[in-house]
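A.B. asks: here is the input, now give the coordinates:
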Amino acid sequence: MILELIWFVLVAVLVAGYAMLDGFDLGVGFLHFLVPRSEQERRLVLASVAPVWDGNEVWLLTAGGALFAAFPPVYATVFSGFYLAMMLVLLGLIARAVSIEARNRSASPAWRRFFDRGFIAGSTLAALLLGVAVGNLMCGLPLDANGEYAGTFVDLLNPFPLFIGATTLAMFAMQGACWLAMKTEGDLGKRAITVALFAWAAFMALYLDATLWTPSAAPWLFLRARQSFAPWIPVPPMVLCLVSLPILLRRERLRLAFLCSSVAIACVVAILAIAACPIFVLCSNDVRRSLTAFNAASSQRTLMTMLTIVLCALPFVLGYTAFIYRVWRGKVRAEPEEY
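C.D. replies: Residues are numbered from 1 along each chain as shown. Alright, predicted model coming up:
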């Protein structure tokens, strides 16, 4: 039982890390049509994420690997049921990556506009569909007696998951705007602060509406909230960070603002994870068919072996991540040959 819970927490931590780190990449991509106004500013925006975006995506790959190792039936059901959606997310991530790296291969304005649009479209598509996937996981999926997804791609596009997708997009826009405000200066930096305030307001409104909608759309998530105080633990720090964020932005305490945005995102993931744990990893419309942290876990030997590997490798991953961000700290500069 302990190993299953440890792996549940580990997967949640990896998802939170991805949401914080690649979240600002996706947010920057979505805002690429709004914040920069000139060619120089567009190059600065791209240069702010270019050194780190690929490292940030490692968190998503690691989360998928951890899910496969610890809860293989959940991995199989999610990736088969969400197959088309996952392929579209992958297409968005590929479009973003290609756009970042290919944009400066030609001085043609048409060429650069094409890849600017690819950067925007790829980031927006990936962020929106990741949110839709979370919304469907919150609602519960139609699973058959074998634990396999029994619906279609269209069944995933219900109002509540789409609303969660929009909320996720607003959250990533807030994170991305805070990143740009921290990494840029001058008119671009001031514009990023203004956009961050608007994105914060949009996220607050959408998140409050989603919270009010969730009891009817995903009642199972409130089982723990009624039975235990644990799901409420991340709420105070989340509220504190979200209340502090606009104050810090207006005072141009930009590093603290980005930190508050990151902590708020981590708290959102933590609330969902604590509400689900240990009852469900993948909830079904028929609760008896749900996949839990216990009936979907790998063998004890597999969990222990993989945990040993993770504990040995994790310090290197965290150290590398910290080193990269330290090397590229400070305001961004775009040289003539870059992006």
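
A.B. asks: how about low-confidence regions in the stretch 201-339 of the chain?
C.D. replies: Confidence mapping of the stretch 201-339 of the chain against pLDDT under 70 gives the ranges 224-226, 278-281, 285-287, 334-339.

A.B. asks: residue boundaries of the helices in it?
C.D. replies: Using DSSP state H, counting those that start in this stretch, the helices of the stretch 201-339 of the chain run over 222-227, 235-250, 254-276, 300-327.

A.B. asks: can you point out the buried residues in the last one?
C.D. replies: Applying a neighbour-count criterion of 16 or more other CB atoms under 10 Å, one finds 303, 306-307, 310, 321 buried in helix 300-327. Bear in mind the C-beta positions are built from the backbone N, C-alpha and C, glycine included.

A.B. asks: closest one of the residues you listed to residue 187?
C.D. replies: Nearest to residue 187, judged by CB to CB, of the buried residues of helix 300-327 is residue 321 at 31.0 Å.

A.B. asks: burial of residue 268, as a residue count?
C.D. replies: Residue 268 is flanked by 21 other residues according to other CB atoms under 10 Å.

A.B. asks: same question but for residue 221, I mixed them up
C.D. replies: Neighbours around residue 221, by other CB under 10 Å: 22.

A.B. asks: for it, which non-adjacent residue is spatially closest?
C.D. replies: Of all residues not flanking residue 221 in the chain, residue 275 sits nearest, at 4.6 Å (CB to CB, 6 or more residues apart in numbering).

A.B. asks: of the helices of the stretch 201-339 of the chain, which approaches residue 92 most closely?
C.D. replies: When those are ranked by proximity to residue 92, the top entry is helix 254-276, at 19.3 Å, counting by CB to CB.

A.B. asks: could you list every helix and strand in contact with the closest one?
C.D. replies: Helix 254-276 is packed against helix 2-30, helix 159-183, helix 186-217, helix 222-227, helix 235-250, with contacts defined by 3 or more CB pairs under 8 Å, 6 or more residues apart in numbering; DSSP states H and E.

A.B. asks: 6 Å - rerun?
C.D. replies: Helix 254-276 is packed against helix 2-30, helix 159-183, helix 235-250, with contacts defined by 3 or more CB pairs under 6 Å, 6 or more residues apart in numbering; DSSP states H and E.

A.B. asks: now mean neighbour count and distance to residue 40 too, for these, in JSON lines please.
C.D. replies: Shown next, in JSON lines, are the helices and strands packed on helix 254-276 (neighbours: other CB atoms under 10 Å; distance: least, CB to CB, whole Å):
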{"stretch": "helix 2-30", "mean neighbour count": "23", "distance to residue 40": "16"}
{"stretch": "helix 159-183", "mean neighbour count": "25", "distance to residue 40": "14"}
{"stretch": "helix 235-250", "mean neighbour count": "16", "distance to residue 40": "24"}
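
A.B. asks: could I get those helices as TSV with distance to residue 298?
C.D. replies: Formatted as TSV, these follow (distance: least, CB to CB, whole Å):
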stretch	distance to residue 298
helix 2-30	8
helix 159-183	29
helix 235-250	32
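
A.B. asks: can you check which of these gets nearest to residue 89?
C.D. replies: Comparing the helices and strands packed on helix 254-276 by their distance to residue 89 (CB to CB), the top pick is helix 2-30, with 10.5 Å.

A.B. asks: now do residue 305 against residue 292, distance only.
C.D. replies: Distance of residue 305 to residue 292, computed by CB to CB, to the nearest Å: 22 Å.
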